[in-house]
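Engineer: sequence and predicted structure are below.
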Amino acid sequence: MSRHWYDYLWIASLTYLVLGFFNILFAWLGLLCFFIPLLIALVKGSKGYCNRYCGRGQLFALLGGRLGLSRKRDIPGWMKSKWFRYGFLIFFFIMFFQMLWTTYLVFSGAADLRQAVTLLWTFRLPWHWAYHGTLLHPGVAQFAFGFYSVMLTSTVLGLVTMVLFKPRSWCVYCPMGTMTQLICKAKSGKQ
């Protein structure tokens, strides 16, 4: 089977996490993982990003499949259900907008920069070594800390479900996958 350039996008996912560990401003690159899937779904009406280009899904497939770190069991039915997937999407949006609100407060001067990454939306991890100030407004760094928190949390959730179930179990309830699926359904006129 011949390999394509996009078969190696797992390297980009891993590189993203490493770069954000050393310099939080690299977290801004994660926006590509938000906008590209949405654009593909809007323009082509397909989940092409999820099926072919998602480096995170590839990373889970590599770790859980080829390296055998997965129990390879079916994901429970409740995790596949619409109520769970849509509920997780709503929860994800709430957390995302809370992050945007905190960023707005720092930009407006109403709050100080929080140099912490929040794992699983609960545990504050001090991340002070990854930011030493720049010519940019502290709000730029605040967004990076918040966005890296979102990306790290979703990666940890994906790793946990990869170990417990099949390698790409995260893909079943991934908020981006759910959003692109909704866009594709809307474009095709299906309910």
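Structural biologist: Okay, I see it. Residues are numbered from 1 along each chain as shown.
Engineer: what's the pLDDT at the spatially closest residue to Y49 that is not a sequence neighbour?
Structural biologist: Nearest residue to Y49, sequence neighbours excluded (Cβ to Cβ, 6 or more residues apart in numbering): P37, at 3.8 Å. No exception for glycine: its C-beta is placed from N, CA and C like everyone else's. pLDDT, P37: 96.
Engineer: check what pLDDT the spatially most central residue of the chain gets.
Structural biologist: Most central in the chain under Cα atoms, centre = their mean is M151, positioned 4.1 Å from the mean C-alpha point. You'll see M151 listed with a pLDDT of 95.
Engineer: touching, it and G30? I think so.
Structural biologist: Yes. With contact defined as Cβ atoms under 8 Å, M151 counts as touching G30 (4.8 Å).
Engineer: okay, and the common contacts of the two?
Structural biologist: Y16, G20 (Cβ atoms under 8 Å, 6 or more residues apart in numbering).
Engineer: for this protein, what spans make up the strands?
Structural biologist: 116-119, 123-126 (DSSP state E).
Engineer: among the ones you listed, which is nearest F165?
Structural biologist: Closest approach to F165 among these (Cβ to Cβ): strand 116-119, 20.9 Å.
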